[in-house]
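Novice: Please work out how this folds:
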Amino acid sequence: MAGKWIHVAVTYGGGSLKMYVNGVLERTLAVTGNIPVTSGPLWLGGNQIWLDEFFSGVLDEVRIMGRRSRRATSAR
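Specialist: Numbers count the residues shown, from 1 in each chain. This is a model prediction of the structure:
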């Protein structure tokens with residue numbers, strides 16, 4: 001999708017992880033527990049296990065919030 005911007009938002013809480021693409025709920029996964037806290041780096045667009053599998057594009061306006069955001073903010 002060269003030249004096309006896509007807005008992706010992920011929420012975690014209330015027993016589910018939800019992924020929105022361009023404001024539309026695309027997937028919901030049932031989850032429990034807290035997200036693990038580590039001293040390691042936060043990887044966006046790849047990971048240190050498979051070093052050849054990285055996102056090939058641009059990430060812009062990345063926000064990581066430790067609190068609930070208003071739905072209008074997450075869904076735009």
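Novice: what about His7, how many neighbours?
Specialist: Residues near His7, counting by other CB atoms under 10 Å, number 14. All C-beta spots, glycine's among them, are computed from the backbone N, C-alpha and C.
Novice: I'd assumed Asn22 was in contact with it.
Specialist: Yes. The criterion here is CB atoms under 8 Å, and His7 meets it with Asn22 at 5.3 Å.
Novice: just the helices in the chain please.
Specialist: Per DSSP state H, the chain carries helices over the ranges 71-74.
Novice: quick one: low-confidence ranges for it?
Specialist: Within the chain, the stretches with pLDDT under 70 are 1, 68-76.
Novice: if you set the cut-off to 50 instead, what comes out?
Specialist: 72, 74-76 (pLDDT under 50).
Novice: Do you have the strands of this protein handy? List them.
Specialist: Along the chain, counting by DSSP state E, strands occupy 8-13, 16-21, 24-30.
Novice: The first one pairs with which strands?
Specialist: In other words, strand 8-13. Within its sheet, and counting by DSSP bridges, strand 8-13 is paired with strand 16-21 (antiparallel).
Novice: center of this structure, which residue is that?
Specialist: Val10 (4.1 Å; CA atoms, centre = their mean).
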